[in-house]
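Asker: quick one, structure for this:
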Amino acid sequence: MRWLDRIRGRKSEAAPEADPMAEALAAAKSGDYETALRIWEPLARAGVARAQNNIGACFAEGLGVPRDRELALKWLELAADAGDPLGERNYAAFHMQGLTGTDADYGIAAEYYRRAAERGDAPAQDMLSWMLLEGEVMTADPAEARRWAESAAEAGIASSMTRLGMLYHNALGVERDPEKAVHWWRKGAERGDADAQAMLGAACHMGAGTTRDGVEALAWLIRATNAGSALAKPFIGPARDRLSPTEIQEAERRASEPLSKEAS
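Answerer: Here you go, the predicted model:
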């Protein structure tokens, strides 16, 4: 888990030079974690939840300080219990792993993912959606999983877009709708989700929920394969076999282009 990605500051109405959180964030982004921690520490001890979260993230990842998961847990718990959604999500993620890697507490993880999700944290909404669909940590509820996935997808979380496609494809908590499945897979695929690329390629190959298009199918399946999606494996061979050498060459050309050229 890359805790660095979770270090975020909030914009302030004050000028950047008057905002210690902004100053610390700028230092962290430049790799100067010692300066960032020096600024965050008094704020964290004064009860600033986001500073507590950021210190916990640094101890978890060993950024500017020796890696110390016990101290990381302490600071993340303070941030989470203060109601910081990022702290709640990170505290939940910590419990998905456990302090030693063998003592995970999925109940605590689920509780804090839900807290963060209810405060509008999109990655937590995505994770909660996954947990509700899997049904291993909490009772499976595909309908609620869909609602949280929709919230996360609206915020741009590609994995939730992919999950929505799966829900509509498999009729989990909704009526089966191949066109909606393709709609969500395309959104996820264009944002780089490998499984969405695989499923979109399969749909284009079979003409399920969209017009059959062998070149587009192979292009997406190549992208998915290159990105490591196992879901592409059953389809890429048959999709390639249907095409002429010229069509295969065109699919390979499309697959090599930056996604931004295809995103809508």
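Asker: from here on, just use CA atoms for contacts and neighbour counts.
Answerer: Fine.
Asker: what sits against residue 166?
Answerer: Residue 166 is in contact with residue 181, counting by Cα atoms under 8 Å, 6 or more residues apart in numbering.
Asker: let's see 10 Å
Answerer: Under the criterion of Cα atoms under 10 Å, 6 or more residues apart in numbering, the contact partners of residue 166 comprise 160, 172, 176, 178, 180-182, 184-185, 196, 199.
Asker: need the buried ones from the residues you listed selected in PyMOL.
Answerer: Buried members of those, identified by 16 or more other Cα atoms under 10 Å, are gathered into one PyMOL selection as follows:
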select buried, resi 160+172+178+180+181+182+184+185+196+199
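Asker: from memory residue 161 sits against residue 192, does it?
Answerer: No. Under the contact definition of Cα atoms under 10 Å, residue 161 does not touch residue 192, with a separation of 11.0 Å.
Asker: about what we covered before: the contacts of residue 166 in helices, which ones?
Answerer: In helices, judged by DSSP state H, the following of the contacts of residue 166 are found: 160, 178, 180-182, 184-185, 196, 199.
Asker: now these as TSV including distance to residue 55?
Answerer: Formatted as TSV, the entries for the ones in helices among the contacts of residue 166 read as follows, by distance: Cα to Cα, whole Å:
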residue	distance to residue 55
160	29
178	46
180	42
181	41
182	42
184	37
185	37
196	35
199	40
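Asker: sketch out the low-pLDDT regions of the stretch 151-264 of the chain for me.
Answerer: In the predicted model of the stretch 151-264 of the chain, residues 261-264 satisfy pLDDT under 70.
Asker: per-domain residue ranges of the protein.
Answerer: In terms of domains, the chain is parsed into 1-115, 120-191, 193-257 (source: automatic domain parsing).
Asker: now for residue 161 and residue 192: what residues contact both?
Answerer: Common contacts of residue 161 and residue 192 (Cα under 10 Å, 6+ apart): residue 186.
Asker: neighbour count for the two, which is higher?
Answerer: residue 161 (30 against 19; other Cα atoms under 10 Å).
Asker: got the contact list for that one?
Answerer: 126, 146, 149-154, 167, 181, 183-189, 191, 193, 196 are the contacts of residue 161 under Cα under 10 Å, 6+ apart.
Asker: what distance separates whatever helix or strand residue 27 lives in from the middle of the whole chain?
Answerer: Secondary structure assigned from DSSP states H and E places residue 27 in helix 20-29. Computed by Cα atoms, centre = their mean, to the nearest Å, the chain-centroid distance of helix 20-29 equals 24 Å.
Asker: buried residues, that helix. List them.
Answerer: In helix 20-29, the ones that count as buried by 16+ other Cα under 10 Å are 20-28.
Asker: pLDDT and distance to residue 120 added to the residues you listed, as JSON lines?
Answerer: Below are the buried residues of helix 20-29 laid out as JSON lines (pLDDT from 0 to 100; distance: Cα to Cα, whole Å):
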{"residue": "20", "pLDDT": "94", "distance to residue 120": "25"}
{"residue": "21", "pLDDT": "95", "distance to residue 120": "21"}
{"residue": "22", "pLDDT": "95", "distance to residue 120": "22"}
{"residue": "23", "pLDDT": "95", "distance to residue 120": "25"}
{"residue": "24", "pLDDT": "95", "distance to residue 120": "24"}
{"residue": "25", "pLDDT": "94", "distance to residue 120": "22"}
{"residue": "26", "pLDDT": "95", "distance to residue 120": "25"}
{"residue": "27", "pLDDT": "96", "distance to residue 120": "27"}
{"residue": "28", "pLDDT": "95", "distance to residue 120": "25"}
